[in-house]
Each structure stands twice: as structure tokens, then as C-alpha cells.
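1. Have a look at this fold, sequence not included:
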Ligand code: NAD
């Protein structure tokens with residue numbers, strides 16, 4: 001039988017004081033859940049039952065991996081994407097697990113479309129508690145061949161899209177008064193270039209990281225925590241597409257690009273969408289109760305090389 005809270009040891013085996021969770025953490029816990037290190041207790045920390053999450057670009061790849069983990073943890077998930085068929089496939093795949101999933105076609109770079117998507121989410125699920133700004137593109141174009149339109153498109157989706165979704169989702173979170181979590185999917189390119197031909201992309205991701213920090217400061221009084229995840233190389237449909245249609249860049253031999261990238265990963269494997277999904281669950285849940293304005297690099301150690 002679990003010991004009462006006040007009888008639990010406060011020092012660990014090395015004599016280090018271990019702070020116990022506050023009693024409010026135990027609300028809704030049955031007597032058998034009360035041991036803070038029991039597996040059921042850990043599960044409660046990641047329980048998202050009753051929460052609503054929006055995942056942009058959630059039909060495939062990293063977004064789908066994130067939507068999966070949030071839905072599995074109990075959240076109602078709105079998948080926002082432009083790709084009709086993939087969106088519907090993902091929704092019906094997830095619904096088979098009994099999860100509450102919906103989807104909406106919206107271009108994150110279009111203000112009107114973002115407003116409608118937010119309205120639809122509130123109408124359907126009654127709240128917005130978690131926003132994952134994941135939709136993004138990464139076309140490779142040498143800077144000397146890059147047009148203004150190329151540059152503006154990447155900035156519009158990867159940076160302005162993050163701004164628009166944040167603005168309208170946070171507006172709802174503030175109105176509802178329950179706080180919230182915003183997670184921006186940046187990239188290791190927000191810190192260091194991974195390849196030539198991505199000047200516009202790197203500008204957008206550095207921008208998204210700067211945006212994350214400033215907005216974390218501004219939204220903290222509303223109990224909205226804003227963080228970023230910086231993935232390294234993750235195998236997704238977008239990455240496969242790039243590999244098939246590699247542009248000619250003098251410094252890059254397309255057949256060697258993945259090989260060269262892999263050689264720099266200390267963990268010796270590319271990442272999977274679920275590697276990001278699990279970190280998103282951490283940031284979306286009470287596991288990260290004292291974290292805002294930070295960026296978690298999830299790259300198998302790539303940036304070390
Ligand atoms: P992906 O191309 O496999 O999937 C992206 C999804 O976003 C697609 O379903 C697409 O339809 C959707 N989308 C694109 N533009 C959109 C728009 N304007 N509005 C709404 N939806 C839109 O991409 P991915 O590899 O899963 O990448 C997801 C995010 O992770 C991106 O922001 C990307 O920059 C970032 N990232 C990816 C990697 C990687 O190696 N895959 C590494 C670092 C960062």
C-alpha cells in the first residue's frame with residue numbers, strides 16, 4: 001500500500017533533498033496513485049485529457065508524429081494542413097484508436113484562413129490549450145539563384161505562419177483564462193546551417209527562435225508557456241521529396257548528401273517523427289511546468305560535430 005505523502009522520504013540515497021510534488025498535483029489521484037515515482041503517477045503528469053491541441057502541418061511527418069503523441073495522451077487534436085488526402089488519411093487512422101481528432105484545411109501564411117481555423121477549433125472542441133506551430137517548407141535554392149518570391153514564400157510559411165497562428169490561438173487562450181502551451185518547431189538551422197541552399201530557411205528558423213523567446217516573455221503573465229524544438233535530420237515525406245529532387249548546387253553532390261549528414265550524427269541514425277513527438281508531449285504537459293522561452297535540440301548530437 002502507498003505511504004501517505006508526509007511519510008515519503010525527502011532525501012535520496014546520495015543525501016540530496018528531493019522536493020515532493022505539491023499536494024495539488026495529487027488532485028484527482030486515487031489512493032493507489034499517490035506514490036510520486038509510481039508508473040501511474042508519471043502517466044498522470046503527461047495526461048492531456050480535456051485539453052485541445054492544434055498541430056499545423058499535422059497530416060504527415062513530424063506534425064503527424066506530434067499529433068499522435070498528444071492524442072494518445074488524451075488531447076482532442078485539430079490537424080491543420082493543406083494536403084487534403086493525407087489529412088483525411090491521418091484522421092481516419094487516428095480515429096481507429098478511439099481518439100478525438102478533427103482536421104481543417106488552412107494555409108498558415110493566410111491570415112483569414114488562420115482566423116477561420118481557430119474559430120472552427122473553438123466551435124468544435126470549446127477550447128485551445130496547446131498550439132504546435134510545425135507547418136514548414138525547406139526548398140533548397142542557391143542564394144544567387146533565389147528569387148524574391150522564393151525568399152518571401154519560405155518566410156511567409158515558416159515565420160509569418162508562426163506569428164499568425166500564435167496571435168489568434170493565444171487570443172483564445174487569454175479569453176478562456178486557462179493558460180496554455182505553444183510549441184514552435186524550429187530546426188538545428190535556427191542555430192547553425194546544416195547545408196548550403198537554405199539561406200531563406202535559416203533566416204526563417206532563426207526568426208522563429210527569436211519570436212519564441214520574445215513571445216514567451218510577453219505571454220508569461222497569461223500562464224502561456226512558449227518553447228521551441230529544434231529537430232536535426234528527421235526522415236519525413238518532405239525530406240524524401242528533397243532527396244528525389246535535389247537541385248544543382250556547386251558545393252553539393254546530391255548522391256552524397258545523406259551519407260555526409262549521417263556521418264556527422266554521433267547517434268548514427270536519422271531521427272524519426274516520434275523522436276520529436278515525445279519531446280512535444282513533454283513540452284505540452286505538466287512535465288515541463290517550469291520551462292518557457294527555451295529551445296530543445298533533438299538531433300542525435302549532430303550539432304556537436
Ligand atoms: P513535411 O514536408 O514532411 O510535412 C510538412 C507538412 O506541412 C505537410 O503535410 C504540408 O502539407 C504541410 N504544410 C506545408 N505548408 C503548409 C501551409 N502553408 N499551411 C499548412 N500546412 C502546410 O515536413 P517535415 O519534415 O515533417 O517538417 C515539419 C517541420 O519540421 C517544418 O517546420 C520543418 O522546417 C521542421 N524541420 C524538419 C526537419 C527534418 O529533417 N524533417 C529538420 C528540422 C526542422
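-> Looks like it arrived, so ask away. Small disclaimer: the values here were computed from a predicted structure and weren't measured.
2. When you work out contacts or count neighbours from here on, use the C-alpha atoms and nothing else.
-> Fine.
3. Checking the residue lying closest to residue 199 once chain neighbours are set aside next. Helix, strand or coil?
-> With sequence-adjacent residues excluded and distances taken as CA to CA, 6 or more residues apart in numbering, residue 199 is closest to residue 143, at 6.6 Å. When classified by DSSP: H, G, I helix; E, B strand; the rest coil, residue 143 comes out as coil.
4. Residue 300 too?
-> Following three-state DSSP, residue 300 is assigned to coil.
5. quick one, phi psi at the residue nearest to residue 199?
-> phi -60, psi -30 (degrees, to the nearest 10).
6. burial count for it?
-> By other CA atoms under 10 Å, the residues close to residue 143 number 15.
7. what do you get for residue 112?
-> The number of residues near residue 112, taken as other CA under 10 Å, comes to 12.
8. what ranges do the helices span in the stretch 201-305 of the chain?
-> Taking DSSP state H, counting those that start in this stretch to define them, one finds helices in the stretch 201-305 of the chain at 237-244, 257-263, 273-284.
9. Let's have these in JSON lines, adding distance to residue 218.
-> Listed next are the helices of the stretch 201-305 of the chain as JSON lines, based on distance: least, CA to CA, whole Å:
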{"stretch": "helix 237-244", "distance to residue 218": "33"}
{"stretch": "helix 257-263", "distance to residue 218": "37"}
{"stretch": "helix 273-284", "distance to residue 218": "18"}
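10. least reliable of those going by mean pLDDT?
-> Between these, the lowest average pLDDT goes to helix 257-263, which shows a mean of 85.
11. quick one: what helix or strand has residue 138 in it?
-> Under the criterion DSSP states H and E, no helix or strand holds residue 138.
12. list the contacts for the residue lying closest to it once chain neighbours are set aside?
-> Nearest residue to residue 138, sequence neighbours excluded (CA to CA, 6+ apart): residue 201, at 6.0 Å. Taking CA atoms under 8 Å, 6 or more residues apart in numbering as the contact definition, residue 201 lies against 137, 138, 139, 154, 155, 158, 189.
13. Return a ChimeraX selection command for the buried portion of these.
-> A single ChimeraX command selects the buried members of those (16 or more other CA atoms under 10 Å):
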select :138,139,154,155,158,189
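14. Go through the contacts of residue 201 and say which is closest to residue 76.
-> Lowest distance from residue 76 to these (CA to CA) belongs to residue 158, with 24.6 Å.
15. Secondary structure class of that closest one, three-state.
-> On the basis of three-state DSSP, residue 158 is classed as helix.
16. In this structure it contacts residue 152, no?
-> No. Taking contacts as CA atoms under 8 Å, residue 158 lies outside contact range of residue 152: 10.0 Å.
17. Helix or strand next in line after the lowest-mean-pLDDT helix or strand in the chain, which one?
-> Of all helical and strand segments in the chain, the minimum by mean pLDDT, DSSP states H and E falls on helix 39-45, at a mean of 66. Heading C-terminal from helix 39-45, the first helix or strand you meet, by DSSP H and E, is strand 52-56.
18. following that following strand, which helix or strand comes up?
-> Counting by DSSP H and E, the next helix or strand C-terminal to strand 52-56 is helix 61-72.
19. So what touches that next one?
-> 48, 53, 55-58, 77, 79, 90, 94, 99-101, 134-135, 234-238, 272-274, 276-278, 280-281, 284.
20. Look up the closest residue to residue 110, ignoring the ones flanking it.
-> residue 161 (7.6 Å).
21. Point out where the stretch 101-250 of the chain drops to low pLDDT.
-> Within the stretch 101-250 of the chain, the ranges that satisfy pLDDT under 70 run 247-250.
22. Output the set of residues of it in proximity to the ligand.
-> Selection of the stretch 101-250 of the chain residues close to the ligand by CA under 6 Å from any ligand atom yields 106-109, 134-138, 157, 185-187, 231-239.
23. so of those, which ones are in strands?
-> Among these, the ones falling in strands (DSSP state E) are 185, 231.
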